[in-house]
Structure formats: structure tokens, C-alpha cells
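Enquirer: sequence plus the predicted model coming up.
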Amino acid sequence: MRMLRTAMAGWLGVYAVVYVGFLYLPVLLLPIFSVNDSAVPVFPLKGLTTKWYDSLAGNDVMLSAAWNSLVVGCASAVLATVLGICAARAITRYRFTGQRPMSALIMAPLVLPEIIIAVSLLLVMLQLGLGLSLVTVVLGHVLICLPYAMTVLISGFEGFDNAYEEASLDLGETAFGTLRRVTLPMMAPAIISSLLVSFTISLDEFMVAFFLSGSDPTLPIYIWGQLRFASRLPAILALGTLMLAASLVLLTVAEILRRRAARRTDADGGLIA
Amino acid sequence: MTAASEASVAAETPSGGRHALLRSDRAKGLALISPTFVYTLIFLLAPIVVVVVHSFWTQTYLTIDRTFTLENYKTALTEPIYRDLLVRSLYISLTVSVATALFAYPIAYYISFYGAQRKSLWLFLITIPFWTGYLLRVMAWKVILGYNGVLNEALMGLGITSQPVSELLYSTNAVIITLIHAWAVFAVLPIFVSLEKVDRTLIEAATDLGDGAVRRFLRITLPLSMPGVIGAILIVMIPTVGDYVTPKLVGGTEGVMIANAIEAQFGRAQNWPLGAALSVTTMIVVSLMAGACVLLLRGLVRLVR
């Protein structure tokens, strides 16, 4: 019996390692070929070079796309997080009628094909005669970021003990003072984590930006345009590697903060300890 | 009882009337969620309604004829191109969702039952590749599956084939492999969550009562983790049916999916109502397929148990 169990654990362990390998292998190819001294991404590697990265620095079209992505990412992250805070707080703190259908609608983009979101927003914008711009991209990105922001925020808010707020009010702090000095500091890690996650999603999002960006491309749209030219692939791989690194750093920070938030709001007096 | 609850209500609402309503939890909750809810109403629900309405209209050159018609749906369902694309999209999303769930179950099981102290590390490791940008991952698969790609080089290097296999890229299978990779996390997480909820004492009880490992798994762990499996299948199936990037980059002509046709209607073909009808049809059909899968899986579990 025991032997069967350990054998099981062994095989599953092997499977787990192979599975994680399968997940990482394609992703690791980007950085590998981005420093390979060859115009085609083929093994064997030809030698180390940074020329693909150097070529990015002087690329004005790419830099303006990067700037667009930065602006869209910041705007989407802030909007999605502010809206997420409202909804997450409402859901974790209060019980009210219509709570389930309302949160279901807010979470819906998670299970909707992105093309449906993109196409429906596009249709409305065109019908209203509104031009496509980075603003329309932000509107769409907020929808896509919201479910993720909500997940992070709800997990951060869930263990929040209202006694702290009540104590603050009882001790004579105003409602605003309580919000600023008690509620927000306790929720700060979850909020920052939500900002980072939303920014990362917006940075990488393609479909909505593809339909709604008009003449201002974001980075993924720029990459999409470049994919048609085989000769530009190594530079795109270098750009992809940089984006990958950025996502990785942002998400690691977000994860650390989320865990800290979860610990801090633990009911067992985590705040004092 | 009633007296007590009345008393407590009275205590909570000293000033009564409108003020009391504003102070009640219900009103506070509604007020707090309303900005977010209104945002999704305006930018998600209303636009989807607009799409549905459009699907009943007709495009006449540059203007839209607003008389009610089912012509677009007729085209969407009977025109061979669209029917084939729809069937292929459904086939791909079904295969991908079932395969991702199957591949994800053992790893979710391993993390939940044998992960011990390293559970969150495992989960973090699995989530990272998902954050690398969808477009970039599809691009990476293009590099792997290409004619001179990594996989062909490897196959030739190992002596399995003498010349590159050209069918790797630009095929339905290429789309399926890429999507299985891209959506892996979405299957692992829900299954893991539901496995975590499986009461371990039930398994111990079954062991004490003489059930073997297989029987224990089939009668306790699997049925109790079924909500996670169903969640995984749904969360992969519905979005993948409308995938645009993967078929475009690695699918070739054989791997084209319905989203590519939808995009064409909103782009070059300039037939918004038909594009709208294709979108609505896809959503309805995939919802039906998802519903059927849920029923089937629930039935299977009942049978096994």
C-alpha cells in the first residue's frame, strides 16, 4: 500500500517536471534566439550577439508603440483597479440583492472570446461615429483586466477584519481618516498587486488593441505587423524577450505583495505580529 | 424573535426613513458596486446587445438596412465556408479543452496531494509562462513547428526523419498544440482549487473501510473534484472557439477558424451584420456544446460512482 503510494508520487513528480518543461520550453526559445547571431531562428546557435537589441534602440516606430503601450497600460491598470476596489469591497463587505448576477457580469470577460468583446466595442464606436484611438483600447482593456483585478483584490480583502475600522471610528477618527489611515494601508499590497497584474495584461493584450487602436499601434500590434517580414524576426524576438522580462518582474512583485496582503489581513492578528 | 429583530432594526436605524436606507448594508453594497457594474453595462453588455441587434439587419453597400431579417443567420449556418469554419472551430475548442483538462489533472493532483510546503511555488511556476504574452507564445510555437524549425531539427537530429516534416506548421494540429500550451494554466488552477477542497478524511475513511487506490480515486476524489474539471473545460472551451491569433499564425489555410471570418466581415468585407450574426451564432453554439459537456461529465461521474 505504502509502496504504491510512493511509486505514485514518483511518477506524478516526473510528470509534473515534464509538464512544467513543456510550459517553459517555447517561452525559453525567445531569449535564446534573441541573442543568436543569425537572422533565422534555427539550431545550432551561431554565437552570441546583442545586435538585435541594439537595433531596437534606434527604432522610432517601435519606441512610439512602446510609449503607447505604457500609456494604455497605466490608464487601464488605474481604471481597472479603482473599479475593482469598489466592486471587490462591495462583494467582500456587504450582502445585497443582485450581488451574484452583477459580479457574474463583471467577471464575464474571463470566459468570453476576446474577439466578441473587441467586435462589439468596435461596432458601438463606429455606430456612434467615435474615432478609434488609444482611449478606445483603454476602455476595452479595463473590461479584460477587471476580472483579474477583482480576483487579486477579493483575495486581499477577504480576511479584512472590520473591527479595525470600527475601532478607528470609535476612537474618534473621521470616516475619511479611517479610510486613509486604516483601510487603505491594510489593503495597499492587494491594490498594488492588482495594478501590476492589470498593467501586465494590458501590455500583452492583442485582440482588443488590434480592433480598437486605429492608427496608434501598441507593442503587440507593432509586433503583429513585423511578423510578416521574416528578416525582422530576430529583432522581434529581442523585443519579446524584453517584454517577457518586464512581465516577469512585475508579476513576481505582484505575487509577493499579494501574499503579504493575504498574510496581513489574516484574522489571527497578522497586523500586529 | 420578531420583536427582537424589530428591535435590532430600530437600533440600527435611529433616524429612520431615507437616511436609514442609505445606511443599510444593502444600499451601501449596491452604491459601492455600481460604478463597476455600470461600466460593464455600458461597455460590455450594451455593445453585445448592439451586436445581437445588428445581426438581424442587412448591409446594403455603405448603409445598413434596418428591417428585421434572419438572412444573416441563414448564411452563417448554411453557407459551406462558414459552416465548415464553425464546425472546425468547435472541433478545435472541444479537443483543446478536453486535452488541457486531461493533461492538467495529474499535475493539479500532484500539487494538491504531494505539493506539501511547495504548493504555492509550483502554482507560481505554472502561471509564469502564461504571463509572457499570448502573441509571443504563439510566435514561439511558429519557431518550433516551422519547416526549418526546432522540432524538425530535433527529429532529424535523432534520426526519426531524414527530411523536415512539412505538416508540422500550418495545420489544425499546430493550432491545437499551440492552444493546449497557451491555456494550460486555466485548466490547472480550477482543478487544483477543487482538489484542495476534497476532504482528506473521506479518503482515509475509505482506506480504513478497505477501498483500494483506484476505487478511492473514482468514488471520492474524482467526483468531488469534478466541479474543477468542468470549470477548466468551460474556461478553456468558450474563449478558444473565438481564437484569432493562433490560426492566423500557425494554422495556415487548413487551420482557419471562425474568428478569422468574423474579423474579415468587420474589416475587408465590410459586412457588419453578417459578422455580428457569425459572432452570435458562435457564442450560442459553443454555449450549447459547453452545456452538453457539463451534462455528459456529470452523468459519467454518477455512472462511475
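Expert: Sure, I can see it. Bear in mind that the values here come from a model prediction, so they are computed numbers and not experimental data.
Enquirer: distance of residue A:172 relative to chain B?
Expert: 20 Å (Cβ to the nearest Cβ, to the nearest Å). Bear in mind the C-beta positions are built from the backbone N, C-alpha and C, glycine included.
Enquirer: burial check on that residue, number of neighbours?
Expert: Neighbourhood size, residue A:172 [other Cβ atoms under 10 Å in any protein chain shown]: 7.
Enquirer: and it, that's in a strand?
Expert: No: looking at residue A:172 with DSSP: H, G, I helix; E, B strand; the rest coil, it is coil, so not inside a strand.
Enquirer: quick check: phi and psi on the residue of chain B found nearest chain A?
Expert: Closest contact between chain B and chain A, by Cβ to the nearest Cβ, is at residue B:242 (2.5 Å). When read as degrees, to the nearest 10, the backbone of residue B:242 gives phi -100, psi 30.
Enquirer: need the pLDDT of the closest residue to it other than its chain neighbours.
Expert: Leaving aside its sequence neighbours, residue B:242 sits nearest to residue A:113 (Cβ to Cβ, 6 or more residues apart in numbering or on different chains; 2.5 Å). We have a pLDDT of 91 for residue A:113.
Enquirer: over to the one 5 residues further on?
Expert: Confidence at residue A:118, expressed as pLDDT, is 93.
Enquirer: pretty sure it contacts residue A:213?
Expert: No: checked against Cβ atoms under 8 Å, the pair residue A:118 and residue A:213 is beyond contact range at 10.4 Å.
Enquirer: these two: who's more crowded?
Expert: A side-by-side neighbour count of residue A:118 and residue A:213, using other Cβ under 10 Å, places residue A:118 first with 29 against 21.
Enquirer: quick one, helices of the stretch 201-305 of chain B?
Expert: Ranges of helices within the stretch 201-305 of chain B are B:213-216, B:222-241, B:245-246, B:258-266, B:272-304, based on DSSP state H, counting those that start in this stretch.
Enquirer: report the contact partners of residue A:216.
Expert: Applying Cβ atoms under 8 Å, 6 or more residues apart in numbering or on different chains, we find residue A:216 in contact with A:68, A:133-134.
Enquirer: which of the residues you listed fall within helices?
Expert: A:68, A:134 (DSSP state H).
Enquirer: adding neighbour count, distance to residue A:145 and pLDDT, write the contacts of residue A:216 out as a markdown table.
Expert: Shown next, in a markdown table, are the contacts of residue A:216 (neighbours: other Cβ atoms under 10 Å in any protein chain shown; distance: Cβ to Cβ, whole Å; pLDDT from 0 to 100):
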| residue | neighbour count | distance to residue A:145 | pLDDT |
| --- | --- | --- | --- |
| A:68 | 20 | 17 | 95 |
| A:133 | 14 | 19 | 89 |
| A:134 | 20 | 15 | 92 |
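Enquirer: tally of neighbours for residue 117?
Expert: Picked chain A for this. 24.
Enquirer: I was after chain B.
Expert: By the criterion of other Cβ under 10 Å, residue B:117 has 6 neighbours.
Enquirer: with the one 4 residues further on instead?
Expert: A total of 11 residues lie near residue B:121 under the criterion other Cβ under 10 Å.
Enquirer: let me know the pLDDT of it.
Expert: On pLDDT, residue B:121 comes in at 87.
Enquirer: list the buried residues in the strand or helix carrying it.
Expert: Assessed by DSSP states H and E, residue B:121 sits inside helix B:119-127. Judged by neighbour count (16 or more other Cβ atoms under 10 Å in any protein chain shown), helix B:119-127 contains these buried residues: B:122-123, B:126-127.
Enquirer: got it, and stretch A:12-23?
Expert: By neighbour count on 16+ other Cβ under 10 Å, the buried set for stretch A:12-23 is A:12, A:16, A:19-20, A:23.
Enquirer: quick one: contacts for residue 192?
Expert: I went with chain A, as the question did not name one. Residue A:192 neighbours (Cβ under 8 Å, 6+ apart): A:253-254, A:257.
Enquirer: you looked at the wrong chain, it should be chain B
Expert: Contact partners of residue B:192, counting by Cβ under 8 Å, 6+ apart, are B:108, B:111-112, B:123, B:228.
Enquirer: let's see 7 Å
Expert: B:108, B:111-112, B:123 (Cβ atoms under 7 Å, 6 or more residues apart in numbering or on different chains).
Enquirer: got it, and residue B:26?
Expert: Shown in contact with residue B:26 (Cβ under 7 Å, 6+ apart): A:96-97.
Enquirer: and it, how far is that from residue A:101?
Expert: Residue B:26 is 15 Å from residue A:101, where distance means Cβ to Cβ, to the nearest Å.
Enquirer: got it, and residue B:80?
Expert: From residue B:80 to residue A:101 the distance is 39 Å (Cβ to Cβ).
Enquirer: what about these two, which has more around it?
Expert: Under the criterion of other Cβ under 10 Å, the comparison of residue B:80 against residue A:101 puts residue A:101 first, with 10 against 7.
Enquirer: could you list the low-pLDDT ranges of the stretch 101-250 of chain A?
Expert: Scanning the stretch 101-250 of chain A for pLDDT under 70 picks out nothing.
Enquirer: now do the strands in the stretch 101-250 of chain B.
Expert: Shown for the stretch 101-250 of chain B, no strands are assigned by DSSP state E, counting those that start in this stretch.
Enquirer: contact partners for the closest residue to residue B:232 other than its chain neighbours?
Expert: In space, and not counting its chain neighbours, residue B:232 is closest to residue B:187: 3.9 Å by Cβ to Cβ, 6+ apart. When contacts are counted by Cβ under 7 Å, 6+ apart, residue B:187 touches B:100-101, B:104, B:232, B:236.
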